[in-house]
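Asker: The following block contains a protein sequence and its predicted model.
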Amino acid sequence: MIKVGLMLVFFICCSTGGEIAMTHGMKQVGEPASFRPMALIRFIGKAVRNGWVWSAIPLLAASFYSLLILLSWAPLSVVIPASAFNYVVGTFGAKYLLKEQVSVKRWMGVVMVCIGVTLVLLTGQN
Amino acid sequence: MDREHRLRIKTLFMVLLMVVCANLGDLMLKRGMLQIGAVQISLPGVWHALLSTIHNGTIWLGILFLIGFTLCYMTAVSWADYSYVMPAGAFGYAVQTALAVVILHEAVNAQRWVGVVLIVAGVLLVGQTHPSTTETKAVTP
């Protein structure tokens, strides 16, 4: 049970950490000036030279493999709510690390999405 | 059209594109792996599966869609909040359920419908908030 709990914490940290690092990197890269091919190539070129974008990749890969390990260790009824909980942890990360302003309305939306995803995915195992 | 309205429209469009690319990518990977068959857990089995995936066009199409998903995600978070894009992406589960009912004529139970309603309501709530609350306004020239 302890190893499942530790792996869940590892999974959530890697998943949220990877997405936050990716977002931070993309904020530094900036949005593409237009959707013309050359502007998009410049945008991708700038993104692949950003350290935060590269640091996100191993974290997201680790979260993917830790999810696979979790699925082999624990029942879906444990793993799915935990992975949906990422929405809540991600919003905390956005608020405190990325300094985004998360309003009550956004929090309510995130919690509803979190419960909704849990219900939809748990149906899949029935 | 004011700046925030334009930002909201283009973010929601990009999230929709993300959802379409992710779903099509998953579908193509599933179809490709069905063409290859069950992977045998042994060194020759894994090696055979690896070679088969490299030579399978459907798998490559799936990978292209997933690259498209990643680019859409990176573009969306370059102009909108992470806490705005992330929950909006969950709209894909609602689309999957609708496709399962309309195209595959699958029976969907009440629990799943409640989940879909919660996701849609949650995404609508998040969609009403300001898409970008941080000061980063950089533009790649």
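Answerer: Nice, I can see it.
Asker: How about A:Asn3, nearest residue that isn't a chain neighbour?
Answerer: Small correction: residue A:3 is Lys, not Asn. Closest residue to A:Lys3 apart from its sequence neighbours, by CB to CB, 6 or more residues apart in numbering or on different chains: A:Trp73 at 7.2 Å. Bear in mind the C-beta positions are built from the backbone N, C-alpha and C, glycine included.
Asker: before we move on, what about B:Val85?
Answerer: Closest residue in space to B:Val85, ignoring its immediate chain neighbours: B:Ala76 at 4.7 Å, by CB to CB, 6+ apart.
Asker: cool, A:Ala74 as well?
Answerer: In space, A:Ala74 is closest to A:Val4, 4.8 Å off (CB to CB, 6+ apart).
Asker: after the biggest helix by length in chain A comes which helix or strand?
Answerer: With secondary structure taken from DSSP state H, chain A has its longest helix at helix A:2-29. Downstream of helix A:2-29, the next assigned helix or strand under DSSP states H and E is strand A:31-32.
Asker: Would you tell me what the next helix or strand after that following strand is?
Answerer: Scanning forward in sequence from strand A:31-32 by DSSP H and E, the next helix or strand is helix A:37-48.
Asker: What's the first helix or strand after that next one?
Answerer: Next in sequence after helix A:37-48, counting helices and strands by DSSP H and E, comes helix A:51-73.
Asker: ok, and for that next one, which residues are buried?
Answerer: A:Trp52, A:Val53, A:Ala56, A:Leu59, A:Leu60, A:Ala62, A:Ser63, A:Ser66, A:Leu67, A:Leu70 (16 or more other CB atoms under 10 Å in any protein chain shown).
Asker: now swap in stretch A:21-30 and tell me
Answerer: A:Ala21, A:Met22, A:Thr23, A:His24, A:Gly25, A:Met26, A:Lys27, A:Gln28, A:Val29, A:Gly30.
Asker: Let's have the buried residues of helix A:51-73 in JSON lines, adding distance to chain B and pLDDT.
Answerer: Formatted as JSON lines, these follow (distance: CB to the nearest CB, whole Å; pLDDT from 0 to 100):
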{"residue": "A:Trp52", "distance to chain B": "11", "pLDDT": "95"}
{"residue": "A:Val53", "distance to chain B": "8", "pLDDT": "93"}
{"residue": "A:Ala56", "distance to chain B": "10", "pLDDT": "95"}
{"residue": "A:Leu59", "distance to chain B": "14", "pLDDT": "95"}
{"residue": "A:Leu60", "distance to chain B": "10", "pLDDT": "92"}
{"residue": "A:Ala62", "distance to chain B": "17", "pLDDT": "92"}
{"residue": "A:Ser63", "distance to chain B": "14", "pLDDT": "90"}
{"residue": "A:Ser66", "distance to chain B": "19", "pLDDT": "86"}
{"residue": "A:Leu67", "distance to chain B": "15", "pLDDT": "84"}
{"residue": "A:Leu70", "distance to chain B": "19", "pLDDT": "84"}
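Asker: Present these as TSV; the columns should include distance to A:Val113.
Answerer: Output for the buried residues of helix A:51-73, formatted as TSV (distance: CB to CB, whole Å):
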residue	distance to A:Val113
A:Trp52	26
A:Val53	25
A:Ala56	22
A:Leu59	22
A:Leu60	20
A:Ala62	24
A:Ser63	19
A:Ser66	22
A:Leu67	19
A:Leu70	21
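Asker: Check the gap between A:Val89 and A:Arg42 for me.
Answerer: According to CB to CB, to the nearest Å, A:Val89 stands 34 Å off from A:Arg42.
Asker: same question, B:Met18
Answerer: According to CB to CB, B:Met18 stands 21 Å off from A:Arg42.
Asker: what do you get for B:Tyr82?
Answerer: Using CB to CB, we find B:Tyr82 at a distance of 23 Å from A:Arg42.
Asker: the more surrounded of these two?
Answerer: B:Tyr82 (26 against 15; other CB atoms under 10 Å in any protein chain shown).
Asker: Cross-check the contact I'm expecting between the more buried one and A:Ala21.
Answerer: No - using CB atoms under 8 Å, B:Tyr82 is not in contact with A:Ala21; the gap is 10.4 Å.
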